[in-house]
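Student: Here is my input; please provide its structure:
(one chain, ligands or ions: 1)
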Amino acid sequence: MSALPSSPSPSPLPRPRTVLVTGAARRLGRCIALALAAEGWQVAVHYRASKHDAMQTAEECAALARTSAAFAADFQDEAAVRALLPRVIGHFGQLDAVVNSASLFEHDDARSFGFSALERHLRSNAAAPVMLAQALHQHLGERAAAGDCAARGVVVNLLDQKLWNQNPDFMSYTLSKAALEAAGTMLALALAPRVRVVGVAPGLTLGSQLLSAERFAQLHALSPLGRSSTPEDVAAAVRFALENRSLTGTTLLVDGGQHLMKFERDFSLM
Ligand SMILES: NC(=O)c1ccc[n+]([C@@H]2O[C@H](COP(=O)([O-])OP(=O)(O)OC[C@H]3O[C@@H](n4cnc5c(N)ncnc54)[C@H](OP(=O)(O)O)[C@@H]3O)[C@@H](O)[C@H]2O)c1
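Tutor: A predicted model of the protein is given here:
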């Protein structure tokens, strides 16, 4: 009796990809985390103080993508930033992307400016994202050395349209985002080809306690397109940046064209 040709062994299922979204307990970071989970990404939800909200985000991500987990870290603390990726990788086994959405946004201007405010903004808004990119690059290098030749990753940095449309409010915040934008260029060169680095710059997307709902709606409409960005628009741009293998060292401005206009003050003070 001749042997039947053996049926081809089933090809292994594609490995689920894992992304760390910082500042994902609430607001834009949460929306990005849920949008990525809906695409099948395993999401590591980072938070600082919003533990309850982070657990809620992780639970909702897990319902969409089988698993998720929340990780606390204060980005003022260099040791905590350094420890974050090893904790995430220890939990999920590996990491493929980082979305840097966490951000400090405290008011200062040319009169009140001081070293302390600048240093705090630089730590959480520029130094931590750079350090997470550095750690992702190192992790992918270790995977490549272990035989995963296809190990490639992406870092998406949340910027702000106001870098292209400056006003003197929130001076330390703006300087920290300018530093992150410049770091995006340097990292895109330094970490290629293993890691792509892409900026996403929203316009006015979510209000704050500084703006009434009515004022927010007026300011949101103040753009060439008659609407700035929604959280869904921003999350869609992040997804595009993660998937498009030709993008690096550039920024997607997702703001209805607000960066083409000139505003004398920050939206929250207009
Ligand atoms: N919202 C907008 O309209 C808008 C417009 C332009 C650009 N953006 C950019 O888009 C991103 C998300 O915006 P958002 O409004 O969602 O941000 P957000 O609410 O101002 O801040 C997001 C999270 O950052 C975390 N965070 C702050 N300081 C931290 C620290 N020292 N260590 C670790 N985490 C820290 C906080 O986490 P905990 O709550 O857990 O403490 C906070 O919930 C930001 O990068 C922002 O600059 C937003």
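Student: Let's test this: mean pLDDT of the helix or strand encompassing L34, rounded?
Tutor: Secondary structure from DSSP states H and E places L34 in helix 27-38. Average pLDDT, helix 27-38: 98.
Student: That one: how far from the chain's middle?
Tutor: 10 Å (C-alpha atoms, centre = their mean, to the nearest Å).
Student: so what secondary structure elements neighbour that helix?
Tutor: Applying 3 or more C-beta pairs under 8 Å, 6 or more residues apart in numbering; DSSP states H and E, one finds that helix 27-38 contacts strand 18-21, strand 42-47, helix 51-65, strand 97-100, helix 231-243. No exception for glycine: its C-beta is placed from N, CA and C like everyone else's.
Student: Check which helices and strands the first one sits against.
Tutor: What it means is strand 18-21. With contacts defined as 3+ C-beta pairs under 8 Å, 6+ apart, strand 18-21 has these neighbours: helix 27-38, strand 42-47, helix 78-92, strand 97-100.
Student: immediately after the shortest one, which helix or strand?
Tutor: Following strand 97-100 in sequence order, the next helix or strand is helix 115-122 (DSSP H and E).
Student: and the next element down the chain from that next one?
Tutor: helix 128-145.
Student: Give me the next element, helix or strand, following that next one.
Tutor: Taking DSSP H and E, what comes next after helix 128-145 is strand 153-158.
Student: Quick check: neighbours of that following strand in the sheet, parallel or antiparallel?
Tutor: In the sheet, strand 153-158 lines up against strand 97-100 (parallel), strand 195-202 (parallel) (DSSP bridges).
Student: what does the first one rub up against?
Tutor: For strand 97-100, contacts defined as C-beta atoms under 8 Å, 6 or more residues apart in numbering pick out 17-22, 29, 32, 36, 41, 128-129, 132-133, 136, 153-158, 180, 238, 242.
Student: re the thing from before, distance to A70 and mean neighbour count for the helices and strands packed on strand 18-21 - can I get that in JSON lines?
Tutor: Output for these, formatted as JSON lines (distance: least, C-beta to C-beta, whole Å; neighbours: other C-beta atoms under 10 Å):
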{"stretch": "helix 27-38", "distance to A70": "10", "mean neighbour count": "24"}
{"stretch": "strand 42-47", "distance to A70": "4", "mean neighbour count": "28"}
{"stretch": "helix 78-92", "distance to A70": "10", "mean neighbour count": "17"}
{"stretch": "strand 97-100", "distance to A70": "15", "mean neighbour count": "28"}
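Student: Low-confidence regions, this structure specifically.
Tutor: 1-13 (pLDDT under 70).
Student: Contact residues of it facing the ligand?
Tutor: Contact residues, the chain versus the ligand (C-beta under 6 Å from any ligand atom): 23, 25-29, 47-50, 74-76, 101-105, 124, 158, 160, 202, 204-206.
Student: re the thing from before, out of the strands paired with strand 153-158, which gets nearest to T174?
Tutor: Closest approach to T174 among those (C-beta to C-beta): strand 195-202, 12.2 Å.
Student: quick check: angle from the closest one to helix 231-243?
Tutor: Here the directions of strand 195-202 and helix 231-243 differ by 160 degrees (axes from the mean of the first three to the mean of the last three C-alpha atoms, to 10 degrees).
Student: And the residues of the chain next to the ligand, which of them are buried?
Tutor: 23, 25, 27-29, 47-48, 50, 75, 101-105, 124, 158, 160, 202, 204-206 (16 or more other C-beta atoms under 10 Å).
Student: Residues contacting stretch 234-252, please?
Tutor: Residues contacting stretch 234-252 (C-beta under 8 Å, 6+ apart): 19, 28, 31-32, 34-36, 39, 97, 99, 154, 156, 158-159, 181, 184-185, 188-189, 192, 196-202, 205, 254.
Student: ugh, typo on my part, it should be stretch 38-54
Tutor: Contacts for stretch 38-54 (C-beta under 8 Å, 6+ apart): 16-26, 29-30, 33, 36-37, 57-58, 61, 64-75, 84, 88, 91-92, 95, 97, 102, 239.
Student: and it, how far from the chain's centre?
Tutor: Centre to centre, stretch against its chain (C-alpha atoms, centre = their mean), the figure for stretch 38-54 is 12 Å.
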